[in-house]
Each structure stands twice: as structure tokens, then as C-alpha cells.
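Asks: sequence first, predicted coordinates after that:
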There are 2 protein chains.
Amino acid sequence: MDDRKLQVLRAIVTDYVSSQEPVGSKALVERHSLGVSPATVRNDMAALEEEGYITQPHTSAGRIPTDKGYRLFVDRLGSVKPLSPAEQRAIHTFLSGAVDLDDILHRTVRLLAQVTQQVAIVQYPTLSHAEVRHVELVSLSSQRLLVILITSTGRIEQRVVEIEHTDDELTRVRSLLNAAAVGQVSSQAAARLGQLLAELPVAISSIGRGCIATLLDMLGSDASSRVVVGGMPNLTRFGDEFETTVRPVLEALEEQVVLLKLLGEATSTDIVTVRIGRENPYAELQSTSLVASGYGTALDSWATLGVVGPTRMDYPSTMASVRAVARYVGRFLAEG
Amino acid sequence: MDDRKLQVLRAIVTDYVSSQEPVGSKALVERHSLGVSPATVRNDMAALEEEGYITQPHTSAGRIPTDKGYRLFVDRLGSVKPLSPAEQRAIHTFLSGAVDLDDILHRTVRLLAQVTQQVAIVQYPTLSHAEVRHVELVSLSSQRLLVILITSTGRIEQRVVEIEHTDDELTRVRSLLNAAAVGQVSSQAAARLGQLLAELPVAISSIGRGCIATLLDMLGSDASSRVVVGGMPNLTRFGDEFETTVRPVLEALEEQVVLLKLLGEATSTDIVTVRIGRENPYAELQSTSLVASGYGTALDSWATLGVVGPTRMDYPSTMASVRAVARYVGRFLAEG
DNA sequence: GACTGGCACTCGCTCTGTCAGAGTGCCAAA
DNA sequence: TTTGGCACTCTGACAGAGCGAGTGCCAGTC
């Protein structure tokens, strides 16, 4: 593709992102030193429109980029902006002082929302690569039992089960369970627990069976991992169309399931991934873009975080922020 | 106050709530069988306006209620509407199948948002009246220790501390801690733990001290309890003014601290409390009303839930819904 | 004394028409 | 291939007119 045409597209995208208004040929040559006249730019624009990179809201208005235009911009034109020192400092100080996993993730989501001025989403690290650290059984009454699973990601899951039991039985089962599961990655732990199921001493078989079933359920419910959302006030910067645009987005953001699939499909690497408008499989989010990245320490705790915003967002800075936050949180998790 | 004037006020409130438009004298006598002419109603309206219960958006428009008007309506005129059978069924089925406290509260908030068509807020039951059910110590490495506190409300708190320790020491400390704290209400537990601090065997004094300090911190951090928010999409029904109205509300809703104070100040009983517009201490929420109620089982687990919506809301149904949900969740917690 | 019908008056809302400005497409010339 | 010029189109802002809803007040009635 013609070099100047790419330059024109870049200029249109940056101008439109900053002004939110269709950009015309004259304004373009004024703000960017393209070295040609408006008429020439108009020819290029006509070509770009022909090829589907830009469009006119109505005849005799300026041009705005299409999803395809943004895509080209992101792929070939956007140089990732380095963060400002203030932002780097903010990221640095924001997380220090976090006390537990919940706290870390809540701080992260606020941080990300603040630096990007967008809605931020952070997924809880999944169990799948996490080790089982401890299994605890707590008697609530002689009939009811609390089963607790602690993983190396710092996550704690609990479940109440109705099983008749005594304290002695509990002690035996607990040590068997811990012996089998602790130190194992969750899939292995599940296998070992299944094996244990067959070898249970008769005296504690019924209570052991109940506990193992519950644990397997908890290990398997991995996919039902949760997400934290923040920065919703930034949705008001979306512009005008409310009932039409913002409501569906708000609805999607309340659906944990949708968000999880969204993040899951977006990326599983630590490379920043962008989904623009219609590229998005969810109807409610087709007027938005998602910028996401994996984060975490190699295999230990791995998850995805990102931001959702209008397609007309500043991709270079947003991508830079997402990348920076993902990396920093990853490092933070590894240390803490 | 004149009986008919009250009736006129009631009619204005109900009409305005359903139509969202200023209501005039003629429409009023048409929709409600007041048995008098528009002119008479106009006289009453003038009086009501004089007394500050209603106001005109501009000359020669209909009247809308003021905060003071809503207050009178809620206090003296609103008969709490019974719930529809469908709503009762919804409440009934929505909570069944919840697996843990998190799950219960998330379901509750969705339920409340759905039946009231408003933003719902549910506070986590506070520790203050909850019993300590179990204390668990898990070794993360020889230097790092995970302290876990489980209460009778089903809540789990965790904290990582840096203490050098061995497994044997851990076992001893664990049983001492549990012996001291389990079954105690949190304030008592704190006292007992403080006592234990003085009596610690020398061999485990440093590690015991660290654990107790952490536990006391966790027991004391009661006030930092959390809230769950849901039904944000309903904010779009707020109407037009967005940058002015919705943004501040969204911001307030992201501030856990504000919400906690809000709910805390609103009520501590199971009577439904209403705060209308300016009655609200928080500037961001002065164009909204809060309808809240305490919930829970007597002393065991107690907290507040409620909804936030425009001052022009249907108070009778909203109050009925909040009351019903609060009662039902309370019962559910007591059973589960 | 309370209620009512009538009347003049006030405003906001909506519709219309006009106008300036921005931007385009096309064409002929450099 | 680029450029300057020109005619054309469309939006958005603005002003003025007419409509309608609603009010306040007053004189008359029960």
C-alpha cells in the first residue's frame, strides 16, 4: 500500500481519537506536515474509503476510521508509546502494601482503570496451573462440615457439605487428603484424589468419599474463576448514545461468564492483544474494543487482564499501559 | 394538615413516579377520583407549594414533588405494597442452590437489583457479632506463614506473615490459638488471645506472638468489611443528565468506604429506612434515594442491604422488595 | 366559607425556514 | 501525479411563530 496513504490513515486515526469528530482533508494537512495539498489528501481518502479503512458519517462530512482502519493502525502504524514517568511511578506505588490476593487484584483493577481512563477487568489467577497448598476440614456441627482448599496462588475456596462425622475421623481424613494432594498441580491432585477414593480405609470411607467428591468439584470448577471490574465511571466518557451503547456494555460487565470467555478467548500469552469492535464475538460489546494481556509468573499463576473502551481509543497508550501493568503485577505476584 | 391536600400530594407523587413528567391539576382529577374540580386542586397545590412539598420546574408547568414531599409521602402516605406472587416466587427460588457466603451475597444483590430495577448494594455480614469457628496456620515456606480465620458467618479472612517456623511449632501454636478463640464472639476472642499472649511457652513465644498480632489485626479490621454492588445497568434508566448525574453515582458506587458508611449510617435495625435526596450526607448521591434495611439472624451475622435509585422512585414497591429480600436472606443465612 | 367555571396570561416545546460553514467530488491545468 | 478552483451537499445553529398545557385570580354559586 502507498506509503502516503498509510500516513494519511495514521493522521486520521490520531486526530479522530483526540477530537472525537470526523476529520476533513484541510484540517489534516494543517495539523500534520504531509507536504501535499488538501486535494491530494482527498484523493487518498477516497481510495482509503474505497478499500474500507475509513468512512463518512454522511455525505460532505469528514472521515472516521472503520474497525478495519483501526486494525491496520494497530498492526502496522501504532508505535507503542512509552509510559510517562508519573504513570510508571503510579504503577510502582499502587500495589505496594497489598495484603492478600483479593487486595492485589482490587488494587490492580483500580490502577489499570486510572491509567487508561477506561473500564478495567482483571481475572483471578486460575487454579489449573496452581499447586494445592493445603486442605482443611472444619467441623461446623456433627452433621456439617466445611471443606477448604488453599492453592499456591493464594486463593481460598470453601464449600459446606452435610456429612456425619467425628473429630477423630476428621483428623484421619485430613491427613490422608493432604498427603495425597499437597504440592500437586490441580489436575494431578484430582487424579491422586481419585486414586485415594479406591484405597480408603473402611472406617472412614463414607466421610472420605464425601470430602473427595467436594474437593474434585472445587478443583474442577476452575473455569468458574472470577473477575474484578473497575473504572465504570469512565463509561460516561463514552459520549452520547446511552440507552443504545452504555447499557449493553454495563450488562456485559455484570456477566462474569461473558467476561471470562472474553478474556479467555482474547489471549493466553503475555503479548498485548487487541480486539476491535466487530471482531468481538459478543453483540453487546461490538461497539467497544478490548485490549488484553496475560499476566502472572510462567506457570504458577496465570490469568488475563485488560480494558474495555470505545473503539475510538488511544491504542498506543492503552496498549502500553496494559502491558506495563500486566508485567508489574506478574512480578509482584512472583515476589509476594 | 388538610386531608384532601394529603390526598393530592399522594396523587402527585404516584403520577409523577409513573410518568416522569410534571403533573397538572387537570390530569390529576381525571386519573384520580378526587371529587373536586381542577380549580380546587390548584388551590391545594398552591398551598402545598407554599409549604415546600412540591415545586414547579418552571412557571406554567405541572408540579413535581420535592424531597420534603417524598418524605411526607413515605412517612404518612405510602402503604407498603405487597409483592406480586411472581416476585415472591423469584425471591424464593433465586437463593436456593447457593454454595457459600460469597455466592449467597452475589445472588442476593442480583435478586434485589432485578426485583427493584435499581442498583442494589449488599454488605458482608460484619465480624463483630460472629463467632470464631476455626483458626488455621499454613506453612508457605520456612519463613512465610498463611494465617486463616474462619467465622460462623462463613467468612474467611487470610493474611500472609513473615515468621520463621517449623511444622512442630505450628502444630502447637495452632492448637493453642484454637483453644483460646474458637466459639468466642470476636471481641471476646480478641481478649482471650491477648491473655494468651502473656502465657505463651518460651519455645514458641516469637511465632505465637506474630500469629496473635495478625489475628488481632484481622479481628479488629471488622469495619473494613466489604460490599457487593449489582444492577448497574439500571442506572441507564436514570434519564438524561449523564455527565452530571450518573457519573458521580458510579463513582460513589466504586468507593467501598463511602458505601459502607452510607449503609452503616442508614440503619441498624430490620426496619426499612429511606433517605431521600438531600437527606443524604454524600454530595455525589444527593440526587438519589437510598432504601435500606438490616438483615441477618439476630446477633449472629448482621449487616445492611439496600438499593440506590432516583428520588423519583416507586417507594412503596421498593420498600416492600427490600424488606422481603432482607427477611428472606436473613432466614436463609440462619438455616444455611 | 368552600368550591367552581371562566378567563387572561405565561412559558416551554416543536416546527419551520434560513444561513453559514465545513467538506466533498470533479475537472482542467500545471 | 499533483494542484487550485468551483459547484454542490449536508449539518448544525439560530430565530420566529404557533400550539398547548398549565397556572393564578376573580366573580359567582351552593
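Replies: Happy to help now that I have it. Just so we're clear, the structure is a prediction, and the values are computed from it rather than from any experiment.
Asks: give me the number of residues near A:T171?
Replies: 12 (other C-beta atoms under 10 Å in any protein chain shown). All C-beta spots, glycine's among them, are computed from the backbone N, C-alpha and C.
Asks: where's it, which helix or strand?
Replies: Secondary-structure element containing A:T171, defined by DSSP states H and E: helix A:167-181.
Asks: for the next helix-or-strand element following that helix, packing partners?
Replies: Per DSSP H and E, helix A:167-181 leads on to helix A:186-199 as the next helix or strand towards the C-terminus. Judged by 3 or more C-beta pairs under 8 Å, 6 or more residues apart in numbering or on different chains; DSSP states H and E, the packing partners of helix A:186-199 are helix A:167-181, helix A:205-220.
Asks: and the angle from helix A:186-199 to helix A:205-220?
Replies: With axes from the mean of the first three to the mean of the last three C-alpha atoms, to 10 degrees as the criterion, the two stretches helix A:186-199 and helix A:205-220 enclose an angle of 170 degrees.
Asks: next up, phi/psi of the closest residue to A:T269 other than its chain neighbours, please.
Replies: The shortest distance from A:T269 to any residue other than its chain neighbours is 5.4 Å, reached at A:G294 (C-beta to C-beta, 6 or more residues apart in numbering or on different chains). With angles defined as degrees, to the nearest 10, A:G294 sits at phi -70, psi 160.
Asks: is it true that A:G294 touches A:T304?
Replies: Yes: under the criterion of C-beta atoms under 8 Å, A:G294 lies in contact with A:T304, with a separation of 5.3 Å.
Asks: count of residues packed around the residue nearest to A:T269?
Replies: Using other C-beta under 10 Å, the number of residues around A:G294 comes to 21.
Asks: that one: what's it in contact with?
Replies: Residues in contact with A:G294, defined by C-beta atoms under 8 Å, 6 or more residues apart in numbering or on different chains, are A:T267, A:S268, A:T269, A:D270, A:I271, A:W302, A:A303, A:T304, A:A326.
Asks: let's go with 6 Å and repeat that
Replies: Residues counted as contacts of A:G294 (C-beta atoms under 6 Å, 6 or more residues apart in numbering or on different chains) are A:T267, A:S268, A:T269, A:D270, A:T304.
Asks: now render the helices and strands packed on helix A:186-199 as a markdown table, adding distance to B:H32.
Replies: Conversion of the helices and strands packed on helix A:186-199 to a markdown table gives the following (distance: least, C-beta to C-beta, whole Å):
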| stretch | distance to B:H32 |
| --- | --- |
| helix A:167-181 | 66 |
| helix A:205-220 | 57 |
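Asks: turn those helices into JSON lines, columns for mean pLDDT and distance to DNA strand D.
Replies: Formatted as JSON lines, the entries for the helices and strands packed on helix A:186-199 read as follows, by pLDDT from 0 to 100; distance: least, C-beta to the nearest atom of the strand, whole Å:
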{"stretch": "helix A:167-181", "mean pLDDT": "90", "distance to DNA strand D": "63"}
{"stretch": "helix A:205-220", "mean pLDDT": "88", "distance to DNA strand D": "54"}
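Asks: in a markdown table, list these along with distance to DNA strand C.
Replies: Rendered in a markdown table, the data for the helices and strands packed on helix A:186-199 read as follows (distance: least, C-beta to the nearest atom of the strand, whole Å):
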| stretch | distance to DNA strand C |
| --- | --- |
| helix A:167-181 | 65 |
| helix A:205-220 | 57 |
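Asks: between the ones you listed, which gets nearest to A:V119?
Replies: Between A:V119 and these, the shortest separation by C-beta to C-beta is 30.0 Å, and it involves helix A:205-220.
Asks: the closest one versus helix A:167-181: what angle between them?
Replies: Counting by the same axes, to 10 degrees, helix A:205-220 points 40 degrees away from the direction of helix A:167-181.
Asks: on that earlier part again, among the contacts of A:G294, which ones are in strands?
Replies: Taking DSSP state E, the ones among these that sit in strands are A:T304.
Asks: which of the contacts of A:G294 has the most neighbours?
Replies: Counting by other C-beta under 10 Å, top hit in the contacts of A:G294: A:T304 with 28 neighbours.
Asks: the least confident helix or strand in chain A by mean pLDDT and chain B, are they touching?
Replies: Least confident element among the helices and strands of chain A, by mean pLDDT, DSSP states H and E: strand A:156-162 (a mean of 85). Yes: part of strand A:156-162 sits close enough to chain B to count as contact by C-beta under 6 Å from any C-beta of the partner chain, namely A:I156, A:Q158, A:R159.
Asks: out of the residues you listed, which is most surrounded?
Replies: Compared across the residues of strand A:156-162 next to chain B, A:I156 has the highest neighbour count, 23 neighbours, by other C-beta under 10 Å.
Asks: circling back to that earlier point, in the helix holding A:T171, which residues are buried?
Replies: By neighbour count with 16 or more other C-beta atoms under 10 Å in any protein chain shown, helix A:167-181 contains the buried residues A:E169, A:L170, A:V173, A:R174, A:L176, A:L177, A:N178, A:A180, A:A181.
Asks: gap between it and the chain center?
Replies: Mean-position distance between helix A:167-181 and its chain equals 37 Å (C-alpha atoms, centre = their mean, to the nearest Å).
Asks: packing partners for it?
Replies: Secondary structure elements in contact with helix A:167-181, counted by 3 or more C-beta pairs under 6 Å, 6 or more residues apart in numbering or on different chains; DSSP states H and E, are strand A:132-139, helix A:186-199, helix A:205-220.
Asks: dump that helix to PDB, keeping only the CA atoms.
Replies: Coordinates of each C-alpha in helix A:167-181 appear next as PDB, following Å, rounded to 0.1, in the frame of the first residue of the first chain:
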ATOM      1  CA  ASP A 167     -13.300 -35.300  65.200                       C
ATOM      2  CA  ASP A 168     -11.100 -38.400  65.000                       C
ATOM      3  CA  GLU A 169     -12.400 -39.300  61.600                       C
ATOM      4  CA  LEU A 170     -11.800 -35.800  60.500                       C
ATOM      5  CA  THR A 171      -8.200 -35.900  61.600                       C
ATOM      6  CA  ARG A 172      -7.500 -39.100  59.700                       C
ATOM      7  CA  VAL A 173      -9.200 -38.000  56.600                       C
ATOM      8  CA  ARG A 174      -7.500 -34.600  56.700                       C
ATOM      9  CA  SER A 175      -4.000 -36.100  56.800                       C
ATOM     10  CA  LEU A 176      -4.800 -38.500  54.000                       C
ATOM     11  CA  LEU A 177      -6.200 -35.800  51.800                       C
ATOM     12  CA  ASN A 178      -3.200 -33.500  52.400                       C
ATOM     13  CA  ALA A 179      -0.800 -36.300  51.800                       C
ATOM     14  CA  ALA A 180      -2.400 -37.000  48.500                       C
ATOM     15  CA  ALA A 181      -3.000 -33.500  47.200                       C
END
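Asks: other residues contacting stretch A:52-66?
Replies: Taking C-beta under 6 Å, 6+ apart as the rule, stretch A:52-66 contacts A:L9, A:I12, A:V13, A:Y16, A:P22, A:V23, A:G24, A:M45, A:L48, A:K68, A:G69.
Asks: any chance of those residues in TSV, with secondary structure and pLDDT too?
Replies: Rendered in TSV, the data for the contacts of stretch A:52-66 read as follows (DSSP: H, G, I helix; E, B strand; the rest coil; pLDDT from 0 to 100):
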residue	secondary structure	pLDDT
A:L9	helix	94
A:I12	helix	94
A:V13	helix	95
A:Y16	helix	94
A:P22	coil	93
A:V23	strand	93
A:G24	coil	92
A:M45	helix	94
A:L48	helix	95
A:K68	helix	96
A:G69	helix	95
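Asks: before I go, just wanted to say thanks for your time.
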